[in-house]
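predicted structure and sequence below. I'll ask about it afterward.
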Amino acid sequence: MITVRDLTVTFRAGNRLVPALRGVSLDVASGEVFGLVGESGSGKSTVLRVLAGLTRDWSGTLAIAGEPLGRRRTRAFHARVQMVFQDPYGSLHPRHTVDRALSEPLRIHRRAADRDARVLRALDDVGLDRSFRFRYPHQLSGGQRQRVAIARALILEPAVLLLDEPTSALDVSVQAEILNLLRRLRSERDLTMILVSHDLTVVGHMADRLAVMRHGQVVEEMPVDRLARGEPAHPYTRQLLRAAQGYDPATAEALLAEP
């Protein structure tokens, strides 16, 4: 469903050129959840922004379902590929009701004929009561706002969902609810997902395979069950796994000693 070949992105910071991605290549099968993990600044979110068409200055080859992607995307592309952002409050307009947030994609894509039914169904799909329809973002909890953001992404019935740290701004108890919601929606709709996270537990819960990124490059790719067994091959992945297991003196010493 998703093909990325030799994706390279360079940003300008003053007089300096900063490489954000250095020849990233990956494939995601139809219906698969593919995780991208790594520390902050490793390039994970940049991959999603390029795929979504939000970053246009890139080189390489991209395709969705075998169709090559250029720097400018069509309306049909945006109906097929949607993105859920990290901060559900920042991604929702503070002066727009839930109804308006969900109706806007329908209006843009000229699917407003059955708007009311679609909006109500979208709320039902993400487990929100219909009474939420005319509330504003500030009247919702963080988890409820993220459910609205997911509903907005799914209201056009896309085939691909790009998830940029969708639970990192939420309490731990709410994170599990959102992850279980995404798992259910993936199963019901046969969605293909790329999940960006720095949390290996989240990726282990959601993904089929994952790629580990460092300094704009993919350093390792593996099925998630190999991660669960604690068998990564690359030293950096082993460091991430140890860090995810919490602090202890032996781990800290091992991290310092390992190249």
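Sure thing, it's come through.

Leu69 against Ala63, yeah?
Yes - in this structure, Leu69 is within contact of Ala63 by CB atoms under 8 Å, at 6.2 Å. The way it works is simple: take the backbone N, C-alpha and C, and place the C-beta from them, glycine included.

dump the residue contacts of Thr61.
3-7, 68 (CB atoms under 8 Å, 6 or more residues apart in numbering).

picking that back up, pick out whichever of Leu69 and Ala63 has more residues nearby.
Leu69 (19 against 14; other CB atoms under 10 Å).

so, low pLDDT: which residues of the stretch 51-200 of the chain?
Residue ranges of the stretch 51-200 of the chain with pLDDT under 70: none are present.

do you have the strands of it handy? List them.
Ranges of strands within the stretch 51-200 of the chain are 59-64, 67-68, 81-84, 160-164, 192-197, based on DSSP state E, counting those that start in this stretch.

and Val84, how many neighbours does it have?
By the criterion of other CB under 10 Å, Val84 has 24 neighbours.

my guess is it contacts Ala153. True?
Yes - at 5.1 Å, Val84 and Ala153 qualify as touching, with contact defined as CB under 8 Å.

any common contacting residues for those two?
Leu161.

hmm, who's touching stretch 52-59?
With CB under 8 Å, 6+ apart as the criterion, stretch 52-59 contacts 6-10, 21, 46, 49-50, 69, 71-73, 77-78, 81, 83, 162.

over to stretch 228-237?
Counting by CB under 8 Å, 6+ apart, 204, 212, 214, 219-220, 222, 226-227, 238, 240-241, 258-259 sit against stretch 228-237.

buried residues, it. List them.
232, 236-237 (16 or more other CB atoms under 10 Å).

with stretch 189-201 instead?
For stretch 189-201, burial by neighbour count (16+ other CB under 10 Å) applies to 191-198, 200.

just stretch 36-46 next, same as before
36-38, 42-46.

could you dump the residues you listed to TSV with pLDDT, distance to Gly14 and secondary structure?
Converted to TSV, the buried residues of stretch 36-46 look like this (pLDDT from 0 to 100; distance: CB to CB, whole Å; DSSP: H, G, I helix; E, B strand; the rest coil):
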residue	pLDDT	distance to Gly14	secondary structure
Leu36	96	28	strand
Val37	92	30	strand
Gly38	89	25	coil
Ser42	90	22	coil
Gly43	93	20	coil
Lys44	94	24	helix
Ser45	94	22	helix
Thr46	95	19	helix
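
let's see stretch 14-29 as CSV, backbone CA atoms only.
Provided in CSV are the C-alpha atoms of stretch 14-29 (Å, rounded to 0.1, in the frame of the first residue of the first chain):
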residue,chain,number,x,y,z
GLY,A,14,19.9,30.1,9.2
ASN,A,15,22.9,29.6,7.0
ARG,A,16,23.1,25.8,7.7
LEU,A,17,21.6,22.9,5.9
VAL,A,18,20.3,20.3,8.3
PRO,A,19,19.6,16.8,6.9
ALA,A,20,16.3,15.5,8.4
LEU,A,21,16.0,12.3,6.3
ARG,A,22,18.9,10.5,4.7
GLY,A,23,17.7,8.0,2.1
VAL,A,24,14.8,6.4,4.0
SER,A,25,13.2,3.3,2.3
LEU,A,26,10.3,1.2,3.6
ASP,A,27,7.3,-0.8,2.4
VAL,A,28,3.9,-1.1,4.2
ALA,A,29,1.5,-3.8,3.1
